[in-house]
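Asks: Sequence first, then the predicted structure:
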Amino acid sequence: MILLRLLVAHIIADFFLQPTKWLEGKHRNGIRSVYLYSHAAVVGLLTYLFLGHWTHWQLPLFVMVTHYLIDIWKLSKEDTVGYFVADQLLHLLMLLIGVGWFFRFPWLPDIINSRHIWILLFSYLIILRPTGFFIEKLTARWSSELDALAEMFDGLNNAGTWIGYLERLIILTLMLFGHFSAIGFVIAAKSIFRFNGNVQTERDRKMTEYVLIGTLLSFVIAIFIGIIARLFLF
């Protein structure tokens, strides 16, 4: 409950009580911006109020200071999705550390020694980059054949990689929750969007076959990892 309260305080302070004027002022004036300190003060105040332990000021102070330092770090970075996610993950990490300090980390041994946590962590990690590299190696013989047709690769940069990540995350999650029938809808939806029957040339046919192989490999590996994970979890 303490962590949930602090998360709510963080969301309200970072997204609802930080006007666009403050954001622009921080990026324009950097560490000299008064809005940087105003925002940190709002974070600390909300944390103190939502914590509800009026004699415990150390945790709100810790959250306020770390939030301020993370915001300073982010001001020197580009305004991209990657840095936005990194910023929020750092804030979350500081909240976890702060709550752990508040409770003297009684849950840490349970997390470290939890078989379920490590199985889940392994499963979700392996379906991302390792699986992507594996599929890339398996399909290398066909990708080299398509190298001469580079002009047809006019899609978004790395879009295929991110689509693969998302589809495997969805399938693994459905597997772990036992919603096996829903996986069929994911596969059907992916097929409809990717393969609309518009195959007019030999290049189109080769590209469609190449993408189909990669897609099916992605599905099969995610389902297989889900089956193995369920065997160890349940």
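Replies: Perfect, thanks for sending it.
Asks: going forward, measure contacts between C-alpha atoms and count neighbours the same way
Replies: Noted.
Asks: how's this structure carved up into domains?
Replies: Split into domains by automatic domain parsing, the chain comes to 2-106, 114-233.
Asks: ranking those by mean pLDDT, which is last?
Replies: The minimum mean pLDDT among the domains of the chain belongs to domain 114-233 (a mean of 81).
Asks: Check the gap between residue 40 and residue 34 for me.
Replies: Separation of residue 40 from residue 34 (CA to CA, to the nearest Å) stands at 10 Å.
Asks: Pull the number of nearby residues for residue 123.
Replies: Burial measure for residue 123: 19 neighbouring residues, criterion other CA atoms under 10 Å.
Asks: in the helix or strand harbouring it, what counts as buried?
Replies: With secondary structure defined by DSSP states H and E, residue 123 is part of helix 115-126. Neighbour counts using 16 or more other CA atoms under 10 Å place 119-120, 123-124 of helix 115-126 among the buried residues.
Asks: tell me which of these is nearest to residue 75?
Replies: Distance ranking of the buried residues of helix 115-126 against residue 75, using CA to CA, places residue 124 first at 31.0 Å.
Asks: Which neighbouring elements make contact with whichever strand or helix holds residue 205?
Replies: Secondary structure from DSSP H and E places residue 205 in helix 202-233. If you count contacts as 3 or more CA pairs under 8 Å, 6 or more residues apart in numbering; DSSP states H and E, helix 202-233 packs onto helix 115-126, helix 129-138, helix 159-176.
Asks: picking up where we left off before, residue 40 and residue 34: which has the busier surroundings?
Replies: For residue 40 against residue 34, the residue with the higher neighbour count under other CA under 10 Å is residue 40, and the figures read 21 against 13.
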